[in-house]
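**Student:** My questions concern the predicted model and sequence given below.
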Amino acid sequence: MAPPDPIIGLTEAYLNDDFPDKVNVGVGAYRCDQGNPFVLPVVREAENEIIMEELDHEYSGIAGCPNFVGLALKFVYGDDCVPLKEKRIAGVQTLSGTGGLRVFGEVLSQFGHKHIYVPNPTWGNHIPIFTNAGLEVRKYQYYDNENCSLDFSNLIDDIRAMPEGSCILLHACAHNPTGMDPTPEQWREISNVVMERNLLPFFDCAYQGFASGDARKDAAAIRMFVEDGHKIALVQSFSKNFGLYGQRIGALSVVADSPEEAQRVVSQLKVHIRPSYSNPPRHGARIVSKILSNERKTDEFVDQCMGMAQRINSMRQKLVQCLEDAGSTRNWDHITKQIGMFAYSGMSKDEVVALREKHHIYCTLDGRISMAVSRFLSQFFLVVCHFFFNPDTDVIVLFSPGRDITKLWIHCKCNS
C-alpha cells in the first residue's frame, strides 16, 4: 500500500474520522464563515452566460484555448510588457499549476538539466513533481524557524553558491507554506544574484490577486525579473484567485529571445503535453476568458478577490488578538507579517500529530494552517495549541467548531 499524500491524505483521514466535532484547518481552499466552498459571484455570472450560449464540448488544442492563454499572459505580465508586445513569450494552457510544473520539469530534464533548486520549505508537491520529471531536487535556505522570518542572508548565500545555469524555483507571492515573502528590495537583490550566476528563474504563481488583493502587486517580482532581462519560465494557477479548484485551469509560459524561438518553445511544450494529458479542459478556461475579456467583469473580479484577501488578513489580526486575550505569552507577530492563504504556525510534527490524535484537529505535519476556512476554526486551533502544549496551563480552552460559536469546552489536561 502506497503512503497517503501528505495534503490530500489529510482530508481523507479527516473524512474517515467519526468524531462529531472534528476540524480540518489544512484544506487549501477558501471557505466562507460557515465553512462552505465559496463561488465568486462574477464566476457564477460568467458560468451562467456560458451555459446560455450552448457551446459545444469539442477538444481544445494541445496548447489549450488560445484566447485564454493570451488573456492569462496579459494578466500576469502586464499590458506594457515588452516581450509580450514583441510576441516573445511562449504560452500554453495546463492542468492548473501542477500540470505546468510537471511539463516544464520534463522539458528541463530533456534538455540537459539534472537538478532544480526549491526553497526550504516549499509546497510539498513540488518535490515529487520534479523528482518524477527526472530531476534531482536540491534545496536553498528560505525560512528561519527560530525567528519565524525570512532567512534572507542564507537564502542569498545559497543562491550565490548554485552552479551556473541551474534552474531555481521561486514563489511569486504568498510563499507556501510560510506566507513570508521577500520585500521589493530583497527581490531586487535576488534578481541581481540570479543574473550574476546565469540561473534560470522558474516562478510558481498560484495566488495572483488572492495574496494582497492587488494582482499587479502580487505579480511585481515576475515583472521585475522580466524588466531586468531574465528569460523566465512561469506557471500560473487559477484555482485560488478565481476559486476554480476543480476545473484545473493554469498556464505555462517562457520568455524567449525572439518570436521564432517562442514558437519553438511551444512546440517542445506540446511534445510533452500530448502523451501526458493530450489537451486541457475548456470550461474553466472559458470562465476565466469571459471575465478577463470584459472590463466590468474584470473590475468585479478584482473587487471580489480583494474582499477575500482582506477577510483573510482580518482573520490573521483577530487570531493574534484571540491568542493574546487567552493569555498566550508567545510572540505571534509572524502571523500578521505573513501573507496569503496559510499561516505557518511553528508547531512541530509531534505537536501536530498529538492534536490530531487527541483532539481531532487536522493540519499538515509542518504546522501549516489555512486562514481561509471558517472565521473561528483557525482561531480555536491555535488557542488549543497554546493551552495544550503550555506545561504551566491546567486547562484547554476550545472554541466549538459547530454553528453555535458561543459554546466553550473546557477540558482538564488529565482528561485530554
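**Tutor:** Arrived safely, thanks for sending. Numbering: from 1, shown residues only.

**Student:** which stretches of the protein have low pLDDT?
**Tutor:** 374-416 (pLDDT under 70).

**Student:** for it, what's the longest helix?
**Tutor:** helix 295-325 (DSSP state H).

**Student:** List the buried residues in that one.
**Tutor:** Neighbour-count burial for helix 295-325 flags 297-298, 300-302, 304-306, 308-309, 311-313, 315-316, 319-320, 322-323 (criterion: 16 or more other C-beta atoms under 10 Å). For the C-beta atoms, the positions are set from N, CA and C on the backbone; glycine is no exception.

**Student:** helices or strands next to it in the packing?
**Tutor:** helix 41-52, helix 283-292, helix 333-337, helix 377-389 (3 or more C-beta pairs under 8 Å, 6 or more residues apart in numbering; DSSP states H and E).

**Student:** tell me the contacts of Y117?
**Tutor:** Residues near Y117 by C-beta atoms under 8 Å, 6 or more residues apart in numbering: 138-140, 158-159, 162, 166-169.

**Student:** wait, I meant E357
**Tutor:** So E357 contacts nothing (C-beta under 8 Å, 6+ apart).

**Student:** can you confirm it is in a helix?
**Tutor:** Yes. Membership of E357 in a helix is supported by DSSP: H, G, I helix; E, B strand; the rest coil.

**Student:** Tell me how far it lies from A13.
**Tutor:** As for E357, its distance to A13 is 11 Å (criterion: C-beta to C-beta, to the nearest Å).

**Student:** can you give me the end-to-end distance of stretch 73-91?
**Tutor:** 7 Å (C-alpha to C-alpha, to the nearest Å).

**Student:** Could you give me the buried positions within that stretch?
**Tutor:** Within stretch 73-91, judged by 16+ other C-beta under 10 Å, the buried ones are 73, 75-78, 81, 83-84, 88-91.

**Student:** Please identify which pair of the contacts of Y117 lies farthest apart.
**Tutor:** Farthest pair in these (C-beta to C-beta) is D158 and C167. Separation: 14.3 Å.

**Student:** which residues in the stretch 101-250 of the chain form helices?
**Tutor:** Along the stretch 101-250 of the chain, counting by DSSP state H, counting those that start in this stretch, helices occupy 126-132, 152-160, 184-196, 215-218, 220-227.

**Student:** Let me know which of these is tucked in deepest.
**Tutor:** When the helices of the stretch 101-250 of the chain are scored by mean count of other C-beta atoms under 10 Å, the highest mean neighbour count falls to helix 220-227 (a mean of 20).

**Student:** Could you write out the alpha-carbon coordinates of that helix in PDB?
**Tutor:** Extracted in PDB, the C-alpha atoms of helix 220-227 (Å, rounded to 0.1, in the frame of the first residue of the first chain):
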ATOM      1  CA  ALA A 220       5.600  42.500  -9.100                       C
ATOM      2  CA  ALA A 221       8.500  40.100  -8.700                       C
ATOM      3  CA  ILE A 222       7.700  38.400 -12.000                       C
ATOM      4  CA  ARG A 223       7.500  41.700 -13.800                       C
ATOM      5  CA  MET A 224      10.700  42.900 -12.200                       C
ATOM      6  CA  PHE A 225      12.700  39.900 -13.400                       C
ATOM      7  CA  VAL A 226      11.400  40.300 -16.900                       C
ATOM      8  CA  GLU A 227      12.300  44.000 -16.900                       C
END
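
**Student:** ok and that helix relative to helix 184-196, angle-wise?
**Tutor:** With axes from the mean of the first three to the mean of the last three C-alpha atoms, to 10 degrees applied, the angle from helix 220-227 to helix 184-196 works out at 40 degrees.

**Student:** on contacts alone, who are the packing partners of helix 220-227?
**Tutor:** Here helix 220-227 touches helix 66-77, helix 184-196, strand 200-205, going by 3+ C-beta pairs under 8 Å, 6+ apart.

**Student:** same thing but 10 Å
**Tutor:** Packed against helix 220-227, as judged by 3 or more C-beta pairs under 10 Å, 6 or more residues apart in numbering; DSSP states H and E, are the following elements: helix 66-77, helix 82-85, strand 167-171, helix 184-196, strand 200-205, strand 233-237, strand 249-255.

**Student:** can you put the ones you listed in CSV and add distance to I273?
**Tutor:** Listed next are the helices and strands packed on helix 220-227 as CSV, based on distance: least, C-beta to C-beta, whole Å:
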stretch, distance to I273
helix 66-77, 13
helix 82-85, 22
strand 167-171, 19
helix 184-196, 27
strand 200-205, 17
strand 233-237, 13
strand 249-255, 9
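
**Student:** These: which one's closest to Y344?
**Tutor:** strand 167-171 (12.8 Å).

**Student:** Adjacent strands (with direction) for the closest one?
**Tutor:** Using DSSP bridges, the strands paired with strand 167-171 in its sheet are strand 115-120 (parallel), strand 200-205 (parallel).

**Student:** residue contacts, I8?
**Tutor:** By C-beta atoms under 10 Å, 6 or more residues apart in numbering, I8 lies in contact with 28, 125.
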